[in-house]
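> Sequence plus predicted model, see below.
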Amino acid sequence: MSAAGGEIAALPGDPPGGRRAVLVWGLGVAVYFVAITYRTSLGVAGLDAAERFDINASALSTFSILQLLVYAGMQIPVGLMVDRLGTRKVLTLGALLFTLGQTGFAFSHSYGMALASRALLGCGDAMTFISVLRLGARWFPARRGPLIAQVAALCGMAGNLISTLVLAQLLHHFGWTRTFAGSAVGGALVVSLAVLFLRDHPKGHEPPPAARGGGRGFVRRQIADAWREPGTRLGMWVHFTGQFPALVFLLLWGMPFLVEAQGLSRATASELLTLVVLSSMVIGLVYGQIIARHHAARTPLALGTVAATALSWAAVLSWPRGHAPLWLLITLCVVLGACGPASMIGFDFARPANPPERIGTASGIVNMGGFIASMTTLLAIGVLLDVTGDDYRAAFASIFVLQALGTVQILRLRGRAHRRERERVVASRVEAVHVPV
């Protein structure tokens with residue numbers, strides 16, 4: 001069936017997959033897992049960081065904003081690096097940088113040093129997910145793309161689970177320096193494994209020489225060609241609209257909101273953050289299976305998730321008696337678990353819109369979307385909390401503004417992207433018919 005309407009068709013020259021593909025791709029996912037653990041570690045340490053560095057809400061949000069600013073700004077350069085240098089080099093460099101950043105954060109005693117460490121961590125983190133997507137595209141058949149991407153994201157969410165369950169307990173028992181320094185050992189391990197065992201592609205499936213990039217104007221052409229595709233732009237807005245409500249909640253503001261605004265204990269708040277992660281892991285598998293079988297479900301799933309998230313937040317923030325009941329907060333956290341899987345749908349619009357040699361660049365453009373939205377919301381919430389005297393209702397209402405913007409763009413681009421995708425499917429079938437056997 002067509003890629004636009006049903007199952008994803010097999011393509012000539014698809015990599016075979018198999019056990020070796022799982023092992024190599026699994027190593028890349030392990031690097032991503034550690035990166036997510038480091039990225040989200042501040043989510044359970046936000047109140048501790050405010051006390052350690054004696055900072056207010058705006059300054060606390062600057063940690064995550066700077067980290068995401070570096071991350072978002074690196075996406076297109078990283079995509080270009082992956083397309084030109086290959087996955088192994090970029091992923092290994094990323095692992096080295098985020099390990100150094102986590103180590104520096106462990107020994108930071110000043111706000112400035114801690115900021116620099118989070119920026120370095122963000123730089124390394126930025127090199128992981130696009131590399132893992134490219135690794136999956138090089139080692140597995142195209143029809144497995146949606147499921148492989150969702151499983152990679154699921155494993156990343158498991159890293160978030162480590163933050164909410166393990167790091168929170170370690171912080172309580174061992175303190176700041178020993179907890180963060182001890183966690184840096186995981187980064188050193190994956191750096192070593194990547195150097196020894198990671199490979200860009202299976203033997204016999206090397207990219208053609210012309211696809212390796214180079215020459216004058218290569219960077220400009222790659223970016224312009226990827227952006228010209230409506231599927232790339234639609235993917236970016238899907239990622240923009242889908243990801244940020246959950247990421248903002250998990251990365252920094254979930255714990256303060258649940259403890260200070262909703263009156264929960266830290267233990268209960270940690271359990272709810274864990275629920276977001278568990279929900280995301282389950283929903284990610286479901287979304288991956290649905291999209292792999294019914295590609296036409298991509299837009300309804302993305303828009304349905306955005307609508308459910310907006311309704312859940314509206315119910316919590318408008319609850320008339322101050323603290324929302326626990327069942328409603330549980331519902332919110334379950335729905336927030338769908339945000340990550342919904343944002344991953346953006347890559348399923350960009351992947352068929354671009355040839356293999358441009359996937360890294362296109363994925364970088366898509367990945368910028370959610371992190372730009374997250375960075376904007378993190379800043380807005382921090383500023384609004386300071387301006388309004390910690391009015392969490394007013395601060396979290398900023399979520400609706402970005403959701404509305406993203407939804408308008410998705411509706412504007414979806415028809416154009418679907419028509420272009422159908423054209424590419426027809427063209428690839430005609431080309432396959434005329435290829436000599």
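Looks like it came in fine. Numbers count the residues shown, from 1 in each chain.
> can you map out the strands along the stretch 201-350 of the chain?
Remark: no strands are assigned in the stretch 201-350 of the chain by DSSP state E, counting those that start in this stretch.
> Report the buried residues of the top helix by length along the chain.
Longest helix in the chain by number of residues, with DSSP state H as the criterion: helix 398-434. Neighbour-count burial for helix 398-434 flags 398-399, 402-403, 406-407, 409-410, 413-414, 417-418, 420-421, 424-425 (criterion: 16 or more other CB atoms under 10 Å). Any C-beta I mention is one placed from the backbone N, CA and C, and that applies to glycine too.
> for it, packing partners?
On a contact count with 3 or more CB pairs under 8 Å, 6 or more residues apart in numbering; DSSP states H and E, helix 398-434 meets helix 230-248, helix 298-317, helix 359-388.
> can we see that at 10 Å?
helix 230-248, helix 298-317, helix 339-350, helix 359-388 (3 or more CB pairs under 10 Å, 6 or more residues apart in numbering; DSSP states H and E).
> tell me the mean pLDDT over it?
When pLDDT is averaged over helix 398-434, the result is 83.
> can you give me the helices for the stretch 1-150 of the chain?
For the stretch 1-150 of the chain, the helices defined by DSSP state H, counting those that start in this stretch cover 19-53, 57-85, 87-106, 111-125, 129-139, 145-162.
> quick check: angle from the fifth one to helix 19-53?
Taking axes from the mean of the first three to the mean of the last three CA atoms, to 10 degrees, helix 129-139 and helix 19-53 form an angle of 170 degrees between their directions.
> likewise the fourth one?
Calculated by the same axes, to 10 degrees, helix 111-125 forms an angle of 170 degrees with helix 19-53.
> CA atoms only: put helix 111-125 into PDB for me.
Provided in PDB are the C-alpha atoms of helix 111-125 (Å, rounded to 0.1, in the frame of the first residue of the first chain):
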ATOM      1  CA  TYR A 111      26.000  29.400  39.300                       C
ATOM      2  CA  GLY A 112      28.300  30.300  36.400                       C
ATOM      3  CA  MET A 113      30.200  27.000  36.400                       C
ATOM      4  CA  ALA A 114      27.000  25.100  36.700                       C
ATOM      5  CA  LEU A 115      25.600  27.000  33.600                       C
ATOM      6  CA  ALA A 116      28.700  26.200  31.600                       C
ATOM      7  CA  SER A 117      28.500  22.500  32.500                       C
ATOM      8  CA  ARG A 118      24.800  22.300  31.500                       C
ATOM      9  CA  ALA A 119      25.700  24.000  28.200                       C
ATOM     10  CA  LEU A 120      28.400  21.400  27.500                       C
ATOM     11  CA  LEU A 121      26.000  18.700  28.400                       C
ATOM     12  CA  GLY A 122      23.400  20.100  26.000                       C
ATOM     13  CA  CYS A 123      25.900  20.200  23.200                       C
ATOM     14  CA  GLY A 124      26.700  16.500  23.600                       C
ATOM     15  CA  ASP A 125      23.100  15.600  24.100                       C
END
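> quick one: buried residues of that helix?
Residues 111, 114-125 are the ones in helix 111-125 that count as buried (16+ other CB under 10 Å).
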